[in-house]
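Asker: Pasting a predicted model and its sequence here:
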Amino acid sequence: MKSFITTMILACFILGARAQQSAQFTQYMFNGLILNPAYAGMDKSLSMTFVNRSQWISIDGAPVTQTLSAHTLLTKQQLGIGLTLVNDKIGIHKNQKIMGAASYHLKVSPKGTLSFGLQGGLNIVKSNYASLASNSSTMDPQLANAGIAQTYMNLGMGFYFSSPRFHVGFSIPDLMPQRYALNDTITVTWQKAHYFLFSKYIIPLNDELQLEPSMLIKYNPGLPLSFDINACLVIKKALTLGLSYRKSESIDFLLKAQLTPQLQFGYSYDYVTGEVSNVSRGTHELMVSYLFKYTHTNVASPR
């Protein structure tokens with residue numbers, strides 16, 4: 001019985017957190033499409049990024065998330081298109097997303113571009129409440145047989161301005177609230193609209209070093225305003241070392257290596273500072289990104 005109660009407390013804590021907050025990432029500054037559909041096409045060429053995040057290591061049922069995103073720019077039309085796949089698992093709950101994005105890029109200055117983006121797709125939500133019944137013979141039969149398997153439409157929008165030195169974007173990637181009535185008295189809210197404001201400034205220090213401070217402000221209805229503060233040092237445009245602070249949650253360490261002009265690898269570790277720090281060893285996140293952009297060497301014709 002004690003084991004069952006512990007399991008239920010953890011499940012309720014995690015469910016409550018996820019009902020208020022969608023899957024989060026630490027390396028979002030290297031993968032803009034995951035937060036903002038207006039970022040589609042910003043890399044000018046076909047770009048693909050895979051991220052695997054294992055959150056709160058050592059806690060059973062803690063969040064594990066994978067995402068694959070791809071986007072490119074149709075230059076003549078100044079139209080960016082993208083696709084994002086998300087597989088998010090936490091305890092007995094699974095949430096999968098398939099989102100397509102489109103953005104329009106408008107030159108607003110010689111070096112500045114403002115883009116407007118929309119995205120739409122499906123959220124597939126599954127929960128296996130029956131798996132909790134194995135821990136207790138006193139489980140309510142209605143709850144023991146309960147399960148959720150629902151598919152929801154989802155919409156999102158965003159704006160993004162970029163220039164060689166300054167970037168800023170505002171987005172609402174999940175506009176449509178999602179609720180499910182488990183029975184006549186219990187309603188689960190899976191998702192509410194989330195608001196993100198991201199800003200980054202690039203400061204060249206010398207020919208080999210540049211500093212990139214950035215901030216992400218997050219607003220979830222019903223919760224206090226949250227934010228991330230980041231600082232990344234870029235060395236010879238090949239190695240990036242970063243440090244982040246996530247309000248009341250963690251201190252994050254980032255590393256990104258440009259292995260080739262097309263291939264880059266990223267890793268981050270979140271040192272948990274909140275209440276979860278008593279039972280968790282932290283969070284690991286791996287990223288692999290490939291840009292389908294090649295440099296052609298001009299060869300003089302012998303003719």
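Answerer: Yep, it's here.
Asker: C-alpha from now on. contacts and neighbour counts both.
Answerer: Noted.
Asker: Can you tell me the number of residues neighbouring the closest residue to Ile235 other than its chain neighbours?
Answerer: The shortest distance from Ile235 to any non-neighbouring residue, by Cα to Cα, 6 or more residues apart in numbering, is to Leu209 (4.9 Å). Leu209 has 15 neighbouring residues, counting by other Cα atoms under 10 Å.
Asker: Distance check, Leu209 against Gln262.
Answerer: 20 Å (Cα to Cα, to the nearest Å).
Asker: one step back: can I assume the residue nearest to Ile235 is in contact with Ala238?
Answerer: No. In this structure, Leu209 is not within contact of Ala238 by Cα atoms under 8 Å, at 10.1 Å.
Asker: mean confidence score for stretch 211-231?
Answerer: Stretch 211-231 shows an average pLDDT of 94 in the prediction.
Asker: and what of stretch 71-90?
Answerer: For stretch 71-90, the mean confidence score works out to 93.
Asker: Any idea how far apart the tips of that stretch sit?
Answerer: 27 Å.
Asker: Need the residues that contact stretch 248-259.
Answerer: With Cα atoms under 8 Å, 6 or more residues apart in numbering as the test, stretch 248-259 has contacts from 26-27, 237-246, 264-274.
Asker: among those, which are in strands?
Answerer: Among the contacts of stretch 248-259, DSSP state E puts 239-246, 264-272 in strands.
Asker: I'd assumed Ala62 was in a helix, is it?
Answerer: No. Judged by DSSP: H, G, I helix; E, B strand; the rest coil, Ala62 forms no part of a helix; its state is coil.
Asker: sorry, back to before: buried ones only from the ones in strands among the contacts of stretch 248-259, please, as a PyMOL command.
Answerer: Selecting the buried subset of these in PyMOL, with 16 or more other Cα atoms under 10 Å as the burial test, is done by:
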select buried, resi 239+240+241+242+243+244+245+246+264+265+266+267+268+269+270+271+272
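Asker: coming back round to it: dump the residue contacts of the residue nearest to Ile235.
Answerer: Leu209 makes contacts with Leu233, Val234, Ile235, Lys236, Lys237, as judged by Cα under 8 Å, 6+ apart.
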